[in-house]
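*Asks:* Coordinates only, no sequence provided:
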């Protein structure tokens, strides 16, 4: 075979491979977009049979909390939303960090707001046992880029500087994925604080049944004036009448979010207890009508819900 024919055949093979790779990429993009649209539709559908799973500080049992790797692991599991915590550095950059100080989760010490971003980048994250890892503290921008097109994102601890967080979301093209919560905020205050952003993001009020005796009125005010997509319900005892009104909340247009993290948030129906008594814990939520659960054991919860055909 002469050289000219060989080169032509090689060119054809390269073009074919290029087309296959491009098709694979396009297919992945389409799949991601379809999944995100499904999740957006779900949060807008309070009467869906699917229970949405929110991973608290991402998959912190296998990677450091709020790390990019923990987020990637949660996405791989198939969670619907990732909860991450936002903090601001001394020089005004937004990073992902739960605590006010660096001591518990990083190799640094002191208050986050006393550190500039360049200095924070020199630190390493610790794992759940407090041991140094090779993982770094992510910026909010990096975190949103990991989550882009994949999952919904709850930006916790960001209410006071949400305008800046929203700019990062716009830059990364993730505004439609954003959920922000607020506690003890009147409806008119929320409307004033967020304005037209409420056309894009999801705002979710936190209602504490222990501390707010007017909880039912708060829920009704929000549903009539703002038509919120969901309420986070917190309770240390299971005696409130509101716990028997979840079906009514859903019928009026809002999902019901409960935290299975630790007992003071859920009257003892918590993740650690669910390890041995899965059905009596997660099953209790299902029977009550809860259809959003924030968990520290996302894989356990996903497996349970899937076994009951309550998660895709």
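*Replies:* Looks like it arrived, so ask away. If you're wondering where the values come from, they're calculated on a predicted model, not measured in any experiment.

*Asks:* which residues touch the nearest residue to residue 288 once chain neighbours are set aside?
*Replies:* With Cβ to Cβ, 6 or more residues apart in numbering as the criterion, residue 288 has its nearest non-adjacent residue at 5.6 Å, and that residue is residue 246. Every C-beta, even on glycine, is put in place using the N, C-alpha and C of the backbone. Neighbour list for residue 246: 256, 288-290 [criterion: Cβ atoms under 8 Å, 6 or more residues apart in numbering].

*Asks:* Which one of the residues you listed sits in the busiest neighbourhood?
*Replies:* Among the contacts of residue 246, the one with the most neighbours (other Cβ atoms under 10 Å) is residue 256, at 25 neighbours.

*Asks:* right, and it touches residue 230 too?
*Replies:* Yes: Residue 256 is in contact with residue 230 according to Cβ atoms under 8 Å; the separation is 6.9 Å.

*Asks:* Need the overlap of contacts for these two.
*Replies:* The contact lists of residue 256 and residue 230 share residue 292, where a contact means Cβ under 8 Å, 6+ apart.

*Asks:* Tell me the bridge partners for residue 230.
*Replies:* On the basis of DSSP bridges, residue 230 is bridged to residue 255.

*Asks:* Return the helix or strand in this structure with minimum mean pLDDT.
*Replies:* helix 3-43 (a mean of 62; mean pLDDT, DSSP states H and E).

*Asks:* quick one: which helix or strand includes the most centrally placed residue in the chain?
*Replies:* Among the residues of the chain, the one closest to the centroid is residue 82, at 2.3 Å (Cα atoms, centre = their mean). Per DSSP states H and E: residue 82 is located in strand 81-88.

*Asks:* Output the contacting helices and strands for that strand.
*Replies:* strand 52-56, helix 68-77, strand 94-96, helix 140-147, strand 152-156 (3 or more Cβ pairs under 8 Å, 6 or more residues apart in numbering; DSSP states H and E).

*Asks:* could the ones you listed be laid out in CSV, adding distance to residue 184, mean neighbour count and mean pLDDT?
*Replies:* Shown next, in CSV, are the helices and strands packed on strand 81-88 (distance: least, Cβ to Cβ, whole Å; neighbours: other Cβ atoms under 10 Å; pLDDT from 0 to 100):
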stretch, distance to residue 184, mean neighbour count, mean pLDDT
strand 52-56, 21, 25, 98
helix 68-77, 29, 21, 98
strand 94-96, 24, 24, 98
helix 140-147, 25, 22, 98
strand 152-156, 15, 23, 98
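
*Asks:* In JSON lines: these, plus distance to residue 273.
*Replies:* Formatted as JSON lines, the helices and strands packed on strand 81-88 follow (distance: least, Cβ to Cβ, whole Å):
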{"stretch": "strand 52-56", "distance to residue 273": "16"}
{"stretch": "helix 68-77", "distance to residue 273": "21"}
{"stretch": "strand 94-96", "distance to residue 273": "29"}
{"stretch": "helix 140-147", "distance to residue 273": "30"}
{"stretch": "strand 152-156", "distance to residue 273": "24"}
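
*Asks:* so which of the ones you listed comes closest to residue 45?
*Replies:* strand 52-56 (10.2 Å; Cβ to Cβ).

*Asks:* In its sheet, which strands sit next to that closest one, and in what direction?
*Replies:* strand 81-88 (parallel), strand 292-295 (parallel).

*Asks:* Tell me where the stretch 151-300 of the chain has strands.
*Replies:* 152-156, 178-183, 202-208, 230-234, 255-259, 292-295 (DSSP state E, counting those that start in this stretch).

*Asks:* Would you mind giving those as JSON lines with distance to residue 275 added?
*Replies:* Shown next, in JSON lines, are these (distance: least, Cβ to Cβ, whole Å):
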{"stretch": "strand 152-156", "distance to residue 275": "24"}
{"stretch": "strand 178-183", "distance to residue 275": "27"}
{"stretch": "strand 202-208", "distance to residue 275": "26"}
{"stretch": "strand 230-234", "distance to residue 275": "22"}
{"stretch": "strand 255-259", "distance to residue 275": "17"}
{"stretch": "strand 292-295", "distance to residue 275": "12"}
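
*Asks:* Of all these, which one is nearest residue 276?
*Replies:* That would be strand 292-295 among the strands of the stretch 151-300 of the chain, by Cβ to Cβ, at 15.7 Å.

*Asks:* Tell me which residues are up against the closest one.
*Replies:* 51-56, 83, 230, 255-261, 271, 282, 285, 301.

*Asks:* now do 6 Å
*Replies:* For strand 292-295, the external contacting residues (Cβ atoms under 6 Å, 6 or more residues apart in numbering) are 52, 54, 56, 230, 255, 257-260, 271, 285, 301.

*Asks:* do the same with stretch 226-240
*Replies:* 43, 181, 187, 202, 204-210, 222, 253-255, 257-258, 264-265, 267, 292.

*Asks:* Right, I'll call it a day here.
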